[in-house]
Structures are given as structure tokens and as C-alpha cells.
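Colleague: Below: sequence and its predicted model.
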Amino acid sequence: MGLRTIALLFTVILICVGCASSEAVAQQDDARFSSEYYLPANTRAWVSIPNLQTLNKHLDASQMGQLAKDPDLKPFIDSARKQMRKWLDEKGVKFEFSIEDFDDIDTGEISIAGVLPKAVGGQAVAGSHGIVLMADGSKDLDAVNQLIARVEGQLQERGATKEMLEINGISVTKWQYPEKRKWVKRKKVSFQAIVDGWFLVSDNDEIFRQVLRRVMKLVDPNVAGNLASQESFKYALSRCTLNNEGENEVAADVRWFVEPFGYVKLARAIEIENEPVKKMEDDWTAVLAANGLKAIRSVAGAATIATNEKEAFFRLFVHAPKDQTRDAAEARMLSILDFAPKDRSETVPPKWVPKSISGSFTAQWDFSKALAGIGPIVDSFLKEEGAFQDLLDTVKNEPEFRVDIPKLVGQLDKRFTVISETERPLGLESEKLAIGIQLVNPMAEADAKEMIDSIARAIRGKMIVLGGIPVIVDDRTDEVEDEDDDFDFEGGLPFEEEEDENKFSGGGGGQDFALFEKKYIAIAKGHLFICNDKDYLKKLLTSKDTESLEGQPDFIAIRDEISKYVDLKKVRATRFGRVDKVLELNYDMIKKGELANSKSLLGKAANAILSEDMGDGKPPEIKVDVSKLPDDFEASIAKYLGTIGWMTENEVGGWRITGCVLKK
């Protein structure tokens, strides 16, 4: 994993933090086909780099590429590379060849795909899955052969054994890897060959032979049965062209495709092979599939780096055709995922969002539709028909609660906003998160009071006052709250706090993951606010909203750039982020060796990769070299990190996300 790959990973992470290919058509016999024409139809995940040299050139020109070349970062990057490789090995994703191996070779396309040909009863058939690497080395086969010879020597040093096969008249190398774990269910092997300029590698014999036959034209690549012929693949990628109507399409540096449920089965099959004992657990994917989540057929995307003055430009399409639901369960699921109320389009966050935030996300969602459709799913998980309705009835009629959830949800309007902000001094509590859900307008004062009282009863929270506004405190820690105002509720607290904290959700041992360990809930400015910090919520409640995010130059620049590529009438969600502010806290925690304690979602993801479980109940320990990371983040790192944003358009066929990263 070289510097350019680190830069690419950073850019992909930025796209994910914020979140060109045309429709696949038949090619002429004398043209070189791209990898999707050779891969089987059961390919569940696919990443393609159309031209590695072009991608490297674009990465070198990007600010992220310049950052990755910083000599002060090299020890960290080298350590991160080793830890990433170890993490992938533990996940069962092993290949002796990496993308960087081809950096100095004049290649065409390079692709990696995950294939899951067989499944019985929703479970992958043991040994039927595989990974395929394809590299078009037709322009420089001598260099490809030199690479193969170099890797061959490394494999022999590791104790791998080599066997030569002949398949369809082609010389094929089979490698058997040494395996110390006696309980492993599938021995690691790989098959390698060069055919028609393509270097092929796969860890599955059957899958390798399928691809080989197509590359040899023993099976016509234009004939159905390959990835390119799959309708969801074709349609999703056709919505990811990197251009505006009437403009020439920008060539993609990276393309990708995932069939969600197939990918989950593939990942689970790999995991099972690396488990000493099979775990007994419920198949939650089967429950979700039975309840209509298969309405999401696929997710595809394309991105280009350092093109047209943008640091990155990307499109992603979630294929969920609303006019092609296969059953009532899929129709119900799409009603839950209704991000498209027809009465408005939102492209800016509300005025209460402060200009100082790290990032914001504003979207529309029909909460009442979601509540109406979620019952059967809850019943499926609980394995009891009518369980969800019983819960609603209990909560409504139980004297301790008296909460009419459908009525409460009906008072929520169809827009919500999530914001984050990093406050100094940097520490575990620096990341401030808040959600604001717009309420119906007009909303009577009595209804607002009943809503806040109902929520307090439902979560058994205590009440304080912030800036003259009643606030519910739901604290799952032992911290004692200091109120900044006197209690004044005209009738007292909705209830007295009970000692039995285990009686209700969130108490007792073994807590589930929660976005907020502490929640502060209030109604103000026409919104229901939920925040993880008392002082930050007070700031939101009492601000005059005279300097909001929507008027800031960097927000306007992102909005105006993306607006060139979308139909604003169809936009139903917007994302804006300042990359330097988003990453600063996690950078600080990495440098201090405190990543294991991170409470942010991005920090948790980085911790899973860069840290190592020490066992014996000890917290994970970061295993990367942070000794020479620059102390001054602002001067050394932040100058390379600009802004990111995207907009989501609602379409009959699904949702299209268009976004970009702008230079600092």
C-alpha cells in the first residue's frame, strides 16, 4: 500500500464521510472488453480502476496526494499500511498482489471483485465464493511477467507450494499456501494465468475457470450471464455518469458496484471460514430480506480525482425502483424509506445551524409512514405477530407512561438536520452532536408541552432548565448534572426518578451501542432538539441565528458547484462538511494513542483497523507509528483538507447522490 493508495483511501473515506461510467452496452469483437464483461453474473462486489497510471497522475495532482507525500507522515503511513494489511488478512481478504505492484507497469484496467455463485437457504455454499483480480497488462507483458517472478520468489520463501496446470490449453499456476490453523475449513489457494494480455488471479477454481473461458472468447462476453448483463448493474451505473446534461462525460478514475445482500452473504462466508467454531446466531439479514429490504437492488458509483478544479467529483446511485416492487413487503419498506415528501425540496440547512459547525446533514423523511411500516419488521425480529402494536398500546395506556406514539410522531414535520462540531480543548468530549427535527407548524403551546412531557415519561428522564427552556436529561453515565436555572415546572416533575435503572432500556450491564451516551432533549425554534452536550444545546437554544451556516462562503461554494449537476426540484437531502474539522479530533486521538476511547463513528472505524485487541479485558492498543506525526495539525495537515458536500435526488429508480470535494 503506497502513498498514492493512501491518498486514494483518504479520498474515498472523505466521500463516505460526506457519502464515470455509462450504461454497459455490447462491445465490438475487435475491442478490448472491460472487466464487467468477463466476471460472472453472481459478482456481488466490484471495484474497477479504468487506468491506474491516469489515477496516479490525478492523485499526485490532488492536495490529498501532496499530503500523502509529506516525509513527516511516512512512518505513520508505513505503519498504517502494515496494520491495514493485517486487518484484511484477519478478515480473510488475502492476495499476494496489490494495486501498488502495478504502479510502474503501463496497465489498462485493474479490478477486484467478490463472487458468490451458490446459496442454499440464504446461506453461501461452503467453498463456492471467491475473489478475482484482473489486470490488463497487454501494453507491457514483460513487466507483468517480471512482477509475477518477483512475487513467486516471495511466496516460495513463505513456504507456498507451486503446481502447474493446463486449463483449456492455457498454462495456469496454482499456489497452495501454508496454513498453521488446523481448524480452517478451506485451504488458501490461488490460480494465476495471463490470457489475451489479462493477468488473472482468483482463489476459487470454478470462478477462475468461468472468467478464463470468457477472456479466451470460449464464451462470448456480449452474451448474457456476466456482470455487465445484469439489469441492476447496468441501470445503477448509467445514473453515475460524471457529467451534466449536454456536457461531455468525465472519465471515471474509479468505478464500483455492490449488491448489498449478496455482499453480506459473501462477507459472512469468508468470516465463517476463519472461525474455529461456528457461532449460533440469528440471521438478521434473512429477516430484513423477508421484510422487503431487498427492494434495494444495488449500489453503484463512480469518482474522478483532481478534475475540473475539484479535488474529487463523485456520483453514487442506490437502485431501489419504486415502480418495480416484487411484493407487499418491498412496497412497505420503500414507504419506510420515503425521503421524498412531494410538498418541498430542501437544499439548505435551517437557520439555527451555526456557522462554526464541522458538518451538517439535512434530509426529508416521512416519520408517520415509517412508523406505520415498521411494525411487521419488529414483529419478525421478536418472532411474535402483533408485538409492536402491543407495545404501542402498552405505552399509551400504562399510567406510568401515557404516551401516544403515533400522535407524537404525527407532530413531527418531514425534515430533520444532524450537525457536528468539534470544540476546544480537544478531548474525549470535544465532539458535539445535535439532531433537530422540524415540528408541524403551527403547533400549539399545549401540544409542545405535552410532547416534551410524554418524551420525559417514556425515557424516565429528569428535567432541568437551560436558558429558560425545559430540557429532558437522559444520562446513562454516573455524571451529576448542574442546572443553570431553578426548577420551575408549574406542577412539579412528570415523575420521580426510580432507583431501578435496569427496569428500562439503557440501564444495567451490557449496554448496546448508542449514538449519544447522554441525551439532552428540548423543544425550541420549531424543532425537537436532541443533543449529546448540555452546554452545546444551550448555545443552540439561545442563539439569535443571525450568522448561520447557509451564509458562509465555503458552504455557498459547495452548494453552487453541486447545483450545476442536479435538478434542485428533486433534491431531498444535502450534506456539507469541513474535512479539516471532521478529522482534527481523530488525528489528535491517534497522535495521543487514545483512539481506542474514541466516541465518534469515524474514530470507531479507524480504531477497528489501526488498533489491535490485547485480550484479557485490556483495551485495544493502537499499532501504528505516531512518533513523527506533526504536532501542528492546522499548519501541517489542515492546509490540505478542503470541504465536502453532496446532494441526493429522488428518482423513480432510486436515489442519486452527487457530490464533490473542493480544495482548501
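Modeller: The structure has been received and is ready for your questions.

Colleague: which regions of the stretch 501-650 of the chain sit below the pLDDT cut-off?
Modeller: Counting by pLDDT under 70, the low-confidence segments of the stretch 501-650 of the chain come to 501-515, 596-623.

Colleague: Strands along that one, start to end?
Modeller: When secondary structure is read from DSSP state E, counting those that start in this stretch, the stretch 501-650 of the chain shows strands at 518-524, 527-531, 571-578, 611-612, 621-622, 643-651.

Colleague: Out of these, which is closest to residue 440?
Modeller: Proximity of the strands of the stretch 501-650 of the chain to residue 440 was assessed by C-beta to C-beta; the nearest stretch is strand 527-531, lying at 10.9 Å. No exception for glycine: its C-beta is placed from N, CA and C like everyone else's.

Colleague: Can you give the distance from the closest one to the centre of its chain?
Modeller: 25 Å (C-alpha atoms, centre = their mean, to the nearest Å).

Colleague: and it, what other elements does it pack with?
Modeller: Applying 3 or more C-beta pairs under 8 Å, 6 or more residues apart in numbering; DSSP states H and E, we find strand 527-531 packed against strand 431-439, strand 518-524, helix 534-542.

Colleague: Paired strands for it, with orientation please.
Modeller: Strands adjacent to strand 527-531 in the sheet, as given by DSSP bridges, are strand 431-439 (antiparallel), strand 518-524 (antiparallel).

Colleague: now the angle from the longest one to helix 534-542?
Modeller: By that I understand strand 431-439. Here strand 431-439 runs at 40 degrees with respect to helix 534-542, directions being taken by axes from the mean of the first three to the mean of the last three C-alpha atoms, to 10 degrees.

Colleague: quick one on the thing from earlier: of the strands of the stretch 501-650 of the chain, which approaches residue 162 most closely?
Modeller: Comparing those by C-beta to C-beta, strand 611-612 comes nearest, at 32.4 Å.

Colleague: just to revisit the earlier point, so which of the helices and strands packed on strand 527-531 is nearest residue 212?
Modeller: Each of the helices and strands packed on strand 527-531 has some distance to residue 212 by C-beta to C-beta; the shortest is strand 431-439, at 50.2 Å.

Colleague: State the mean pLDDT of that closest one.
Modeller: Throughout strand 431-439, pLDDT has a mean value of 95.

Colleague: How far away from the center of its chain is it?
Modeller: The chain centre lies 21 Å from the centre of strand 431-439; the measure is C-alpha atoms, centre = their mean.

Colleague: How about stretch 580-592?
Modeller: Centre-to-centre, stretch 580-592 and its host chain are 19 Å apart (C-alpha atoms, centre = their mean).

Colleague: Any buried residues in it, and which?
Modeller: If you call a residue buried by 16 or more other C-beta atoms under 10 Å, then stretch 580-592 has these buried ones: 580, 581, 582, 583, 584, 585, 586, 587, 588, 589, 590, 591.

Colleague: Then stretch 402-420?
Modeller: By 16+ other C-beta under 10 Å, the buried positions in stretch 402-420 come out as 403, 405, 408, 411-420.

Colleague: Closest one to residue 457 out of those, please.
Modeller: Taking C-beta to C-beta as the measure, residue 457 lies nearest residue 403 of those, at 6.0 Å.

Colleague: okay but that closest one is in contact with residue 458, surely?
Modeller: Yes: the pair residue 403 / residue 458 is scored as a contact, 4.8 Å apart, by C-beta atoms under 8 Å.

Colleague: Next, show the common contact partners of those two.
Modeller: Common contacts of residue 403 and residue 458, defined by C-beta atoms under 8 Å, 6 or more residues apart in numbering, comprise residue 395.

Colleague: which stretches of the stretch 251-400 of the chain form helices?
Modeller: Counting by DSSP state H, counting those that start in this stretch, the segments of the stretch 251-400 of the chain that form helices are 260-273, 284-290, 328-336, 367-382, 387-397.

Colleague: neighbours around the closest residue to residue 205 other than its chain neighbours, how many?
Modeller: Leaving aside its chain neighbours, residue 205 sits nearest to residue 191 (6.4 Å; criterion: C-beta to C-beta, 6 or more residues apart in numbering). The criterion is other C-beta atoms under 10 Å. On that basis, residue 191 has 24 neighbouring residues.

Colleague: A strand includes residue 191, no?
Modeller: Yes: under DSSP: H, G, I helix; E, B strand; the rest coil, residue 191 falls within a strand.

Colleague: returning to that earlier point: the helices and strands packed on strand 527-531: which one's closest to residue 550?
Modeller: The closest of these to residue 550 is strand 431-439. By C-beta to C-beta, the value is 14.2 Å.

Colleague: any idea of the mean pLDDT in stretch 104-114?
Modeller: Within the predicted structure, the mean pLDDT of stretch 104-114 is 90.

Colleague: starting at the chain centroid, how far to that stretch?
Modeller: 24 Å.

Colleague: first vs last residue of that stretch, how far apart are they?
Modeller: Start and end residues of stretch 104-114 are separated by 26 Å (C-alpha to C-alpha, to the nearest Å).
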